[in-house]
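> sequence-free structure coming up:
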């Protein structure tokens, strides 16, 4: 039992990493990773929604008729997204300002609905919560990594910490094309490492 | 003139896919062939125009009743219902259009550029050229122009990927990584438009 729980968490972080292995949730991955801290905040917001919606959906799985399950799941997810939106607006206004539109757009993030459909609708509450946690942490790690690389190449900082002079920063990596290019190379690297 | 600039701004300067990062999933998923890219683009144009109109009017109701916090839940439900309705109506009145758009319609519900544009237009936070005020008309034009920009990016990218399928790509780069790099170069080309409007 303990092994299974651990496996469920690790599955999301490594083997089925939502960004590098499943290629889900690309919009926030590209848009919010202009710096490590932005990527991490987006990842944590998504983790919160993933864990909560997985728990509620696995509790309701026997009550929801099969035919209307997708709309029902979306309403549950949208409720938690609205909660995150209001909480961040109240307590973290600076980060809310930066992430902006991408907070309400967690609703249409394929990872959240995907896990609800593929895992929470079939498993127990405890395992569903752990699956949400693992997937969420995997997503957060990936976003933080991409954000750190883009911030380092673009401005010479990681988490706002200066590593080399700003004058050598390649601004293109903070702008739109850099997002595609960094993610492309990181994904190729992960594919290469996983093959061995 | 201002209305013309809205189109230039939304299609080229602030392209929804390549500079705003909305709708990346269909951009990567349905862009292997030019024909499917055109179908997806047309379906998005159709649904986005209608969805933006409906959600803009709903937002006025929400504002009047002080229910702004229901925005996310209501919009996603309206969009999902609208997509279903359009599918049913099209099947009845225009089977040929339904044949062309059919497969793409259900995919659109989870296309984040739809909800994204609906929220942007309803709350008036979209990028407009100088002299344009957010409102119903500008919002609708913005939605149409955005959808055209989406279709343009999709078709261009599909053309590049058709060529890419014939090229020899290193093993680790095959599939998504090389597609992302190509998209990066395309985004870089679109950056050339910045400052035009």
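Cool, the structure landed. These figures come from a predicted structure and were not determined experimentally.
> report the buried residues of the helix or strand containing residue A:87.
If you go by DSSP states H and E, residue A:87 is part of helix A:69-91. Buried residues in helix A:69-91, counted by 16 or more other Cβ atoms under 10 Å in any protein chain shown: A:69-74, A:76-82, A:84-85, A:88. (C-beta placed from N, C-alpha, C; glycine too.)
> I figured residue A:77 hits residue A:112, correct?
Yes - using Cβ atoms under 8 Å, residue A:77 is in contact with residue A:112, at 5.4 Å.
> chain A: strands as residue ranges?
Under the criterion DSSP state E, chain A carries strands at the ranges A:157-158, A:161-162.
> between the ones you listed, which one is closest to chain B.
Distance to chain B, taken as Cβ to the nearest Cβ, is lowest for strand A:157-158 among the strands of chain A, at 21.5 Å.
> which strands and helices lie in contact with the closest one?
Contacts defined by 3 or more Cβ pairs under 8 Å, 6 or more residues apart in numbering or on different chains; DSSP states H and E place strand A:157-158 against helix A:125-155.
> touching chain B at all, the helix it packs on?
No - Helix A:125-155 does not reach chain B (Cβ under 8 Å from any Cβ of the partner chain); its nearest approach is 11.3 Å.
> now that helix: buried residues?
So helix A:125-155, judged by 16+ other Cβ under 10 Å, has buried residues A:127-155.
> same question, stretch B:137-152
Those would be B:138-152, for stretch B:137-152 by 16+ other Cβ under 10 Å.
> tell me the one of those residues nearest residue B:82?
Within the buried residues of stretch B:137-152, the smallest distance to residue B:82 is 13.3 Å, found for residue B:143 (Cβ to Cβ).
> the closest one and residue B:52, how far apart?
Counting by Cβ to Cβ, to the nearest Å, the separation of residue B:143 from residue B:52 is 4 Å.
> run a quick check on residue B:196 versus residue B:14, I expect a contact.
No - here residue B:196 lies out of contact with residue B:14, judged by Cβ under 8 Å, at a distance of 10.6 Å.
> between the two, which is the more surrounded one?
Under the neighbour definition other Cβ atoms under 10 Å in any protein chain shown, residue B:196 and residue B:14 were set side by side, and residue B:14 has more, 23 against 11.
> check what pLDDT the more buried one gets.
Confidence at residue B:14, expressed as pLDDT, is 89.
> so how far is chain A from it?
10 Å (Cβ to the nearest Cβ, to the nearest Å).
> what's the pLDDT at residue B:96?
79.
> quick one: which helix or strand includes it?
Residue B:96 belongs to helix B:95-101, assigned by DSSP H and E.
> show me what that helix is packed up against.
Secondary-structure packing of helix B:95-101 (3+ Cβ pairs under 8 Å, 6+ apart): helix B:34-65, helix B:71-93.
> ok, now with 6 Å
helix B:71-93 (3 or more Cβ pairs under 6 Å, 6 or more residues apart in numbering or on different chains; DSSP states H and E).
> anything in the helix it packs on near chain A?
Yes - interface with chain A: helix B:71-93 contributes B:72, B:73, B:76 (Cβ under 6 Å from any Cβ of the partner chain).
> roughly how far apart are residue B:61 and residue B:114?
Residue B:61 is 20 Å from residue B:114, by Cβ to Cβ.
> tell me which of the two has more neighbours.
Remark: of residue B:61 and residue B:114, residue B:114 carries more neighbours, 29 against 10, as counted by other Cβ under 10 Å.
> per-residue pLDDT, that one?
pLDDT, read off for residue B:114, is 89.
> name the nearest of the residues of helix B:71-93 next to chain A relative to residue B:130.
Distances from residue B:130 to the residues of helix B:71-93 next to chain A, taken by Cβ to Cβ, are shortest for residue B:72, at 30.7 Å.
> one step back: what does the helix holding residue B:96 contact?
B:43, B:90, B:91 (Cβ atoms under 6 Å, 6 or more residues apart in numbering or on different chains).
> mind checking pLDDT for residue B:110?
For residue B:110, the predicted pLDDT is 69.
> where does chain B dip in pLDDT?
Chain B contains residues with pLDDT under 70 at B:102-103, B:110.
> residues of it that sit close to chain A?
Residues of chain B lying close to chain A by Cβ under 6 Å from any Cβ are B:19, B:21-22, B:24-25, B:72-73, B:76, B:110, B:112, B:115-116, B:119, B:172-173, B:176-177, B:180-181, B:183-184, B:187-188.
> same thing but 7 Å
B:18-19, B:21-22, B:24-25, B:28, B:69, B:72-73, B:76, B:80, B:110, B:112, B:115-116, B:119-120, B:172-173, B:176-177, B:180-181, B:183-184, B:187-188, B:191 (Cβ under 7 Å from any Cβ of the partner chain).
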